[in-house]
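Enquirer: the sequence isn't on hand, but the structure is:
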């Protein structure tokens, strides 16, 4: 295996951990405003929970890759600082819960010893870059996309271009045209392609842009059928530059990249991306194809006497959870993890049982499971028996019986209903009453605790999201039923349609009606998508309408799954997208901090980073003065234009031409030493003039 310098060996990481500790202390002393501190901790993977006084910590694992040692370290951390549980997420992260804020710097430092980071796992940043878990062993892949995902992750981590955007930004790499990383619901999605030119194989990617789930899902648009591999990083950087400058920053509900495309049009967004190319840190970047090498297979171990604990269960498990890798003689084994929750004790027992039988590299999957790699034929029975002993040998991975869910009201501020318990009862019900659907991989069920789609209900064949309804003067938990979403392949997909809202306790009846109807009335080999289209949306509405009747409610239906008390909505303030910072003093401090970072980057010869920090200082300083006049505009580009209108045309500030021309030099020059030095000097001059101007205004008032 290729060795990498650990996070803790990076002096930047050590500095960040020290700064986090200092800023926690300052926040607790009241010298940092709550809005500013919230944004700061989110960018370091620390997220407020539904329960007061404790935090969720999100651990960023690029494309879900984790070694035995790393998983054991995370388990140790959860035992010491959290709730002795590991929650596997749909973005291939691991989350731990009930962490004291004071302990997060210490926790981060211990994780960094094993090259694990919290940086930019939450907040207005590039979130974890996901990829097909089978990347590198997929029999259908043109090439392994993992090195490209890793290179992009490393390039963008701590990159000032995407450190403080208006909202989060998500990217994925699928391993083949099956699009198992769901490129169509990402801000940028990449699908590997190969071209033969003059007898030479060239690698590239089909590019999808502007997708997203949330309360208003958008399907991404294909913009390039073949982006050469060397243009991947530059293209991504220019796209992020455009989003950072032109994306919404005030209305968080309209601050995703998809809304910028909707607002100004795809053609204009692509024009802006083209204009930004000159400012890029790098123009072409050939990724080291061996950056992520395949792990060493385990030594051959023969178990001639090994017999499965349950022969029939073994056959079912092998048929649904095991596949042949592209590496001859080896198998991939999928492990279903119910609701994505794995106790630390079970994690240790799992590693101990499989460590001599699989490669030292696990992958977290988008449906909250695990992938074991490089399993030999002779080890399959042993692994099945070990998983059975741990309660992890449930068959039907990625089938109808494999329900994806977010944490819901267990820990999330935005959760309306208990999605985790709902998932458990649905899985149990399918195994008991609809066992044939354990084999069905083209009909998936996904649940979110609210409309924001963290459980990906918007791309489910059968989806539910938490809601509520009123009846008899009381509020009861409800589930919005969504149908016919899902992956089509090669970048195309469908968003599920809203059908009807039913009391939460009736979701098993919904499942029963839908599965029985599909079994009885489908045509031979008819997919659920085709069946839905043939029957039409109204057909399903009429089928489910009796379940929405609120005149037949029982007392039990006023209680949510997994609860004993009567339901009550208790939605907090969501932190997933960070906050808008609009305090004048805080913005001026931000501007000063950006200049300090610009100097530091310049001293290290990181001219592109230095220039971008100086640009950010220009913008924060201008926004501060506009806010001082009661003007709150919603994008960086609008800040620049409005500053000209309010301060330059009135000759309060003077520039050779305009503030816009001065600031937007950033996309007119190559990021070289001479321009960086000049641009930082100009930014500093503006910052000090802004400070003086604000002091004059304050004294005059």
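Expert: Sure thing, it's come through. A quick note: this is a predicted structure, and the numbers were derived from the prediction, not measured.

Enquirer: please make it C-alpha for all contacts and neighbour counts, starting now.
Expert: OK.

Enquirer: give me the domain ranges for the chain.
Expert: Split into domains by automatic domain parsing, the chain comes to 1-121, 124-293, 311-389, 404-558, 584-700.

Enquirer: where do the helices sit along the stretch 51-200 of the chain?
Expert: 68-81, 104-112, 146-156 (DSSP state H, counting those that start in this stretch).

Enquirer: which positions within the first one qualify as buried?
Expert: Within helix 68-81, the residues that count as buried by 16 or more other Cα atoms under 10 Å are 68, 70, 71, 72, 73, 74, 75, 76, 77, 78, 79, 81.

Enquirer: ok, for the second one, nearest residue in space, not its chain neighbours?
Expert: Counting by Cα to Cα, 6 or more residues apart in numbering, residue 114 is the residue found nearest to residue 70 once chain neighbours are left out, at 6.2 Å.

Enquirer: correct me, but that neighbour touches residue 71?
Expert: No: contact criterion Cα atoms under 8 Å: residue 114 and residue 71 do not qualify, at 9.8 Å.

Enquirer: all strands of the stretch 351-500 of the chain, in order?
Expert: With strands called from DSSP state E, counting those that start in this stretch, the stretch 351-500 of the chain shows them at 362-364, 370-376, 404-405, 445-448, 462-471, 474-483, 486-489, 492-494, 497-503.

Enquirer: any idea which of those strands gets closest to residue 157?
Expert: For residue 157, the closest of the strands of the stretch 351-500 of the chain is strand 362-364, at 20.3 Å, according to Cα to Cα.

Enquirer: for the closest one, packing partners?
Expert: strand 65-66, strand 370-376 (3 or more Cα pairs under 8 Å, 6 or more residues apart in numbering; DSSP states H and E).

Enquirer: what about 10 Å?
Expert: Contacting strand 362-364 under the criterion 3 or more Cα pairs under 10 Å, 6 or more residues apart in numbering; DSSP states H and E are the following elements: strand 65-66, strand 130-131, strand 330-335, strand 370-376.

Enquirer: OK, contacts around the residue nearest to residue 76 when sequence neighbours are not counted?
Expert: The spatial neighbour of residue 76 that comes closest, neighbours along the chain excluded (Cα to Cα, 6+ apart), is residue 344 at 7.6 Å. By Cα atoms under 10 Å, 6 or more residues apart in numbering, the contact set of residue 344 is 71-72, 74-79, 83-86, 350.

Enquirer: surely the residue nearest to residue 70 touches residue 69?
Expert: Yes: counting by Cα atoms under 10 Å, residue 69 is a contact partner of residue 114 at 7.7 Å.

Enquirer: pull out the buried positions in the longest helix anywhere in the chain.
Expert: Looking across the chain with DSSP state H, the single longest helix is helix 673-700. Applying a neighbour-count criterion of 16+ other Cα under 10 Å, one finds 673, 675-677, 679-680, 682-684, 686-687, 690, 694 buried in helix 673-700.

Enquirer: the strands of the stretch 351-500 of the chain: which one's closest to residue 514?
Expert: strand 462-471 (8.8 Å).

Enquirer: thinking again about what came up before, so which of the domains of the chain comes closest to residue 397?
Expert: From those, taking Cα to Cα, the stretch that ends up closest is domain 311-389, at 5.5 Å.

Enquirer: what's the straight distance from one end of that closest one to the other?
Expert: End-to-end span of domain 311-389 (Cα to Cα, to the nearest Å): 14 Å.

Enquirer: do stretch 106-119 as well
Expert: OK, stretch 106-119 end separation, Cα to Cα: 14 Å.

Enquirer: that one: how far from the chain's middle?
Expert: 19 Å (Cα atoms, centre = their mean, to the nearest Å).

Enquirer: ok, stretch 401-410 next?
Expert: The answer for stretch 401-410 is 16 Å, by Cα atoms, centre = their mean.

Enquirer: just stretch 368-378 next, same as before
Expert: With Cα atoms, centre = their mean, you get 24 Å for stretch 368-378.

Enquirer: could I get the contacting residues of residue 639?
Expert: Applying Cα under 10 Å, 6+ apart, we find residue 639 in contact with 245-246, 618-624, 626, 631-633, 645, 660.

Enquirer: of these, which belong to helices?
Expert: Residues of these located in helices (DSSP H): 245, 246, 618, 619, 620, 621, 622, 623, 624, 626, 660.

Enquirer: once you drop chain neighbours, what's closest to the first one?
Expert: With Cα to Cα, 6+ apart as the measure, residue 636 is the residue that lies nearest to residue 245, at 4.9 Å, once sequence neighbours are left out.

Enquirer: give the contact list for that neighbour.
Expert: Counted by Cα under 10 Å, 6+ apart, residue 636 has contacts 165-166, 243-249, 616, 619-620, 622-623, 642.

Enquirer: need the strands for the stretch 1-150 of the chain, in chain order.
Expert: Going by DSSP E, counting those that start in this stretch, the stretch 1-150 of the chain shows strands at 46-48, 55-59, 65-66, 85-88, 94-99, 130-131.

Enquirer: who wins for proximity to residue 423 among those?
Expert: Comparing those by Cα to Cα, strand 85-88 comes nearest, at 14.6 Å.

Enquirer: direction included, what does the closest one pair against?
Expert: strand 94-99 (antiparallel), strand 341-343 (antiparallel) (DSSP bridges).

Enquirer: need those in CSV (columns: distance to residue 228).
Expert: Compiled in CSV, those are given as follows (distance: least, Cα to Cα, whole Å):
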stretch, distance to residue 228
strand 94-99, 32
strand 341-343, 39
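
Enquirer: residues in contact with residue 162?
Expert: 120, 124, 125, 126, 156, 168, 169, 237, 240, 241, 243, 244.

Enquirer: pull out the buried members of the contacts of residue 639.
Expert: 245-246, 618-624, 626, 632-633, 660.

Enquirer: can you put those residues in TSV and add distance to residue 359 and pLDDT?
Expert: Below are the buried ones among the contacts of residue 639 laid out as TSV (distance: Cα to Cα, whole Å; pLDDT from 0 to 100):
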residue	distance to residue 359	pLDDT
245	44	96
246	45	97
618	50	97
619	49	96
620	48	93
621	52	94
622	54	95
623	52	93
624	53	91
626	57	93
632	54	90
633	53	91
660	55	97
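
Enquirer: residue 665 touches residue 279, doesn't it?
Expert: Yes: judged on Cα under 10 Å, residue 665 makes contact with residue 279 at a distance of 9.2 Å.

Enquirer: how close does residue 489 get to residue 191?
Expert: 10 Å.

Enquirer: still on that earlier bit, of the helices of the stretch 51-200 of the chain, which is nearest residue 269?
Expert: helix 146-156 (20.5 Å).
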